[in-house]
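S.K.: The following block contains a protein sequence and its predicted model.
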Amino acid sequence: MLFTESLREENNDIFQLIFDHPFVKGIGEGDISKEAIAHYIKADFEYLNAFMKIYGLAASKSSSRDDIRYFFNKMEFILKDEIHPHHNFCEYIGVPYESLQGHPLPPTADHYIKHMLYHAHTGSMGEILGALLPCPWTYLEIGDELMKRYQPTPDHPFYQWITFYSDARTRSTTTEMRERLDNLAKEASPSEKNRIRDAFRKSCELELAFWEMAYTCEEWPSGKVVKRI
Ligand SMILES: Cc1ncc(CN)c(N)n1
């Protein structure tokens, strides 16, 4: 069994919880509150900015031009292509994209970004890819799952979002990252493989938590503290 196949198997519980999360099901059903979508976009815009910077950190640790080109192309994919699903959500809620940019991160998004940055600064290339991989992989499978369950047609409000993530380019982002990680895992020591496993599982947990953060419009505790008399 390939290393990434074992990662997928070990984290199947979280993948299933993601597919059944009310925000994710709401995308399939075409029914999510406008507040939750705005909360998601505000956090995800900053999350994707951080993701590109982590690709930059990974490029700085690369040992070949091929690796540098790979991370450069992935950054370009976020800049040029991954804005389309955000636009789909913004059009649905009737809010300009620009007004949802530059907002402070809610706790879960902050945690997720810092988790990836930790591995980018302290870990091996395998560990970095282990922390990054759940991002494209869970979304690819969400796209596939929503296509299968809801068979959306072009008049579905989130047709663009769903088809973007079940599209061949999202698929190749996941496949390429998996191939790179599988190659690195062949040379990795048992303790390094355990660190990769840990990074991967925590990112899966934080993917699930990110949907919950958006659905509940999560705030920092002080924003919700009830005043005592
Ligand atoms: C939190 C999160 N995870 C994954 C993706 C898909 N690249 C995303 N846009 N946002």
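M.R.: Looks like it came in fine. Since the structure is predicted, the reported quantities are computational estimates derived from the model, not experimental observations. Numbers count the residues shown, from 1 in each chain.

S.K.: And the residue nearest the centre of this structure?
M.R.: In the chain, the centroid-proximal residue (Cα atoms, centre = their mean) is Cys135; its distance is 3.0 Å.

S.K.: Report the buried residues of stretch 23-43.
M.R.: Within stretch 23-43, the residues that count as buried by 16 or more other Cβ atoms under 10 Å are 23-28, 32, 36-43. Using the backbone N, CA and C atoms, a C-beta is placed for each residue, glycine as well.

S.K.: Would you map the helices across this structure?
M.R.: Ranges of helices within the chain are 3-10, 12-19, 22-29, 34-60, 65-76, 83-93, 107-122, 125-132, 134-150, 159-165, 168-187, 190-215, based on DSSP state H.

S.K.: Lys224: which of those is closest?
M.R.: Within these, the stretch nearest Lys224 is helix 107-122; the backing value is 11.2 Å (Cβ to Cβ).

S.K.: Pull up the gap between the nearest residue to Asp81 once chain neighbours are set aside and Pro85, please.
M.R.: Nearest residue to Asp81 in three dimensions, chain neighbours excluded: Arg169, at 6.8 Å (Cβ to Cβ, 6 or more residues apart in numbering). Using Cβ to Cβ, to the nearest Å, one gets 12 Å for the distance from Arg169 to Pro85.

S.K.: Repeat that for Thr170.
M.R.: Thr170 sits 10 Å away from Pro85, taking Cβ to Cβ as the criterion.

S.K.: Which residues are in contact with each of those two?
M.R.: Common contact partners of Thr170 and Pro85 (Cβ atoms under 8 Å, 6 or more residues apart in numbering): Phe164.

S.K.: how about the residues of this protein that lie near the ligand?
M.R.: Proximity of the chain to the ligand, by Cβ under 6 Å from any ligand atom, involves residues 44, 47-48, 135-136, 139, 207, 210.

S.K.: For those, pick the one with the most neighbours.
M.R.: Counting neighbours by other Cβ atoms under 10 Å, Phe210 comes out on top of those with 26 neighbours.

S.K.: what's that residue in contact with, if anything?
M.R.: Contacts of Phe210 by Cβ under 8 Å, 6+ apart are 43, 47, 108-109, 112.

S.K.: In TSV: those, plus pLDDT.
M.R.: Formatted as TSV, the contacts of Phe210 follow (pLDDT from 0 to 100):
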residue	pLDDT
Ala43	98
Tyr47	98
Thr108	98
Ala109	98
Tyr112	98
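
S.K.: so which of these comes closest to Asp81?
M.R.: Among these, and counting by Cβ to Cβ, the member closest to Asp81 is Tyr47, at 15.8 Å.

S.K.: how about the closest residue to the closest one other than its chain neighbours, what does it touch?
M.R.: The shortest distance from Tyr47 to any non-neighbouring residue, by Cβ to Cβ, 6+ apart, is to Ala109 (5.5 Å). Applying Cβ under 8 Å, 6+ apart to Ala109 gives the contacts 43-44, 46-47, 210, 213.
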